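Chemist: predicted model follows, preceded by the sequence.
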Amino acid sequence: GIQVEQSPPDLILQEGANSTLRCNFSDSVNNLQWFHQNPWGQLINLFYIPSGTKQNGRLSATTVATERYSLLYISSSQTTDSGVYFCAAINTGTASKLTFGTGTRLQVTL
Amino acid sequence: ETGVTQSPTHLIKTRGQQVTLRCSSQSGHNTVSWYQQALGQGPQFIFQYYREEENGRGNFPPRFSGLQFPNYSSELNVNALELDDSALYLCASSRPQLSGANVLTFGAGSRLTVL
């Protein structure tokens, strides 16, 4: 099956700083999503982005499908951005079988 | 529109017992999938239900089973609980498109502790 790797595993930022999270995947994808998991465990869908670029407020994401990677940009970080960010992908087969990366744990400090 | 809701939010069981977790899918979604997330790891796919039938399964033993009902809600059943079954169980719903697009929406999860 597809392999998904994320980097960095941990990131500490001061409030107001910018960051880039990376996701590499081993095969072509039909579906790629970025999630933010809050401290209570809720997975919040940030982007559905199998290719191209999207922006939503301070967050944006780019997927370069031909080179098998995706980037999540966080600008002007806030303490509420803290949590774990997951990239997850599906290549073929079962429509809802997302393969998750190991996540990037982000801590934003004052 | 209502999102994905799961119940119970927390529960404690002992080894060998059985547990049933419930999920109501988001309005308009016809496909439900379940994931297990152990502490410190990413979620792992258990199985998917569409039209009340399981049509995709991850690497989980048969003691993990499920149901989908005509209103698209779903249950996850785990028999003969083991200590390693302690985890956050996440339900996701979606409505796969003919184009292949399939955006999964997750519930808040059910946190199971097996003692």
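Modeler: Nice, I can see it.
Chemist: now residue B:104. Nearest residue, chain neighbours left out?
Modeler: The shortest distance from residue B:104 to any residue that is not its chain neighbour, by C-beta to C-beta, 6 or more residues apart in numbering or on different chains, is 4.2 Å, and that residue is residue B:92. All C-beta spots, glycine's among them, are computed from the backbone N, C-alpha and C.
Chemist: same check on residue A:65?
Modeler: residue A:51 (4.4 Å).
Chemist: can you check residue A:110 too?
Modeler: Residue A:110's closest residue in space is residue A:15 (C-beta to C-beta, 6+ apart), at 5.6 Å.
Chemist: test my guess that the one you found contacts residue A:77.
Modeler: Yes: taking C-beta atoms under 8 Å as the definition, residue A:15 is a contact partner of residue A:77 at 6.2 Å.
Chemist: what residues are up against the nearest residue to residue B:100 once chain neighbours are set aside?
Modeler: Once its chain neighbours are removed from consideration, residue B:100 has its nearest residue in residue A:30; the separation is 4.9 Å (C-beta to C-beta, 6+ apart). For residue A:30, the contacting residues are A:50, A:90-92, B:100, B:102, by C-beta atoms under 8 Å, 6 or more residues apart in numbering or on different chains.
Chemist: possible to save those residues as CSV with secondary structure, distance to residue B:49 and neighbour count?
Modeler: Listed next are the contacts of residue A:30 as CSV, based on DSSP: H, G, I helix; E, B strand; the rest coil; distance: C-beta to C-beta, whole Å; neighbours: other C-beta atoms under 10 Å in any protein chain shown:
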residue, secondary structure, distance to residue B:49, neighbour count
A:50, coil, 23, 18
A:90, strand, 16, 23
A:91, coil, 21, 16
A:92, coil, 19, 13
B:100, coil, 19, 12
B:102, coil, 14, 19
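Chemist: so which strand or helix has the residue of chain A at minimum distance from chain B?
Modeler: Nearest residue of chain A to chain B, counting by C-beta to the nearest C-beta: residue A:94, 3.0 Å away. Secondary structure here is read from DSSP states H and E; on that basis residue A:94 sits in neither a helix nor a strand.
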